[in-house]
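**Q** Here is the input, now give the coordinates:
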Amino acid sequence: MHPFDIKTALFAKHAQHVVLIHFPIALFIIGVLFDFLAHQTKRRMLAAAAYCNLFAAALATIPVLITGIIAWQWELEGQPLKGILLMHLVLGVASSLLIWIVCLIHMRTLQKQGAVLPGYRLPIEAVGVGILALTGHLGGFLTGVNGPG
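**A** Next up, the predicted model:
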């Protein structure tokens, strides 16, 4: 493949998913970091940065889920999933749900005047980062980055 062959790069069977997945991962992890720092320091600007990152991460999960399903259909022609690929799918959906739950908690709180973010969001965010990391780790095995793929 030629490095500037746009057609091959855009229409590779799983290329879009592999590229797009980095956005929600980075946005969510940084959003959670900002939220933890905002909670500790009580700085509103950090809380605003956290919300922006979490919202962008939630939106970014939509094309990632779509391209993941398309990659499964193209690469395996819709065969039943098993092993690492099945775990990756289940954890990917769980990660996306947790990202959306955290985003909705922040959104709902912002809509209420003078409301304070609930403390229970922090453990949810921590679990979300852990599941997201495990999902990415398994994805690395599927692409061959973390071992035979």
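**Q** can we go C-alpha only for contacts and neighbour counts from here?
**A** Fine.
**Q** got the contact list for stretch 58-76?
**A** Contact with stretch 58-76 is made by 13-14, 16-17, 20-21, 23-24, 78-79, 92-93, 96, 99-100, 103, as judged by C-alpha atoms under 8 Å, 6 or more residues apart in numbering.
**Q** Widest-spaced pair of those?
**A** Gln79 and Cys103 (33.2 Å; C-alpha to C-alpha).
**Q** Between the two, point out the one with more neighbours.
**A** Cys103 (26 against 10; other C-alpha atoms under 10 Å).
**Q** so where's this structure shaky on pLDDT?
**A** The model of the chain has pLDDT under 70 over residues 1-15, 144-149.
**Q** and of the contacts of stretch 58-76, the nearest to Leu46?
**A** When the contacts of stretch 58-76 are compared against Leu46 (criterion: C-alpha to C-alpha), the nearest one is Cys103, at 15.1 Å.
**Q** where's the closest residue to Leu20 other than its chain neighbours, which helix or strand?
**A** Leaving aside its sequence neighbours, Leu20 sits nearest to Val64 (C-alpha to C-alpha, 6 or more residues apart in numbering; 6.0 Å). Following DSSP states H and E, one finds Val64 within helix 44-76.
**Q** What angle do helix 44-76 and the helix or strand that comes right after that helix make with each other?
**A** Downstream of helix 44-76, the next assigned helix or strand under DSSP H and E is helix 83-111. Between helix 83-111 and helix 44-76, the angle comes out at 150 degrees (axes from the mean of the first three to the mean of the last three C-alpha atoms, to 10 degrees).
**Q** now for helix 83-111, which elements pack on it?
**A** helix 44-76, helix 121-143 (3 or more C-alpha pairs under 8 Å, 6 or more residues apart in numbering; DSSP states H and E).
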